[in-house]
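S.K.: no FASTA, just this:
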């Protein structure tokens, strides 16, 4: 079994900004979820089909499931990010490339945390829109944006890891 160096990458200013933005999005997710809770009807949309139309309903309590899941994922990734030496990498980790790979991977997880908080925030906003009767359908463009926000940054960091052997 390969023994990897145990290094803790220093946070750059951009790392700190990404981390702060993630925490801010998570807090905003909770504020949005709780602020309008009393105004929600007892039954709200809880699922949208492939055509982005509401196809399932549930109790308004389900709006709180999204920030709980986002918070658990965010905190789990925060803890995982403290141990980059246990990550899976697309290249062999050596003492020469470890700091570069760890820095890249921890930055990727920071971005993922921000993306999770942002996407869950969008989901809550869309549920509020549908519950208030302002829309019965989420635009297809939103799904493309969400997929792009998730896939493009992850692809960028993976390519960067492979190129930075």
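M.R.: Looks like it came in fine. What you see is a predicted model, and the numbers here were worked out from it, not measured in a lab.
S.K.: The residue most central in space within the chain: helix or strand, and which one exactly?
M.R.: Nearest to the geometric centre of the chain sits residue 116, at 1.4 Å (CA atoms, centre = their mean). Using DSSP states H and E, residue 116 falls within helix 98-131.
S.K.: Go through that helix and flag the buried ones.
M.R.: 98, 100-124, 126-128, 130-131 (16 or more other CB atoms under 10 Å). Using the backbone N, CA and C atoms, a C-beta is placed for each residue, glycine as well.
S.K.: Find out how far that helix is from the centre of the chain, if you would.
M.R.: 2 Å (CA atoms, centre = their mean, to the nearest Å).
S.K.: Then stretch 50-64?
M.R.: For stretch 50-64, the distance to the chain centre is 20 Å (CA atoms, centre = their mean).
S.K.: Can you give me the buried ones in that stretch?
M.R.: So stretch 50-64, judged by 16+ other CB under 10 Å, has buried residues 52, 54, 60, 62-63.
S.K.: which among the residues you listed gets closest to residue 158?
M.R.: Distances from residue 158 to those, taken as CB to CB, are shortest for residue 52 (28.5 Å).
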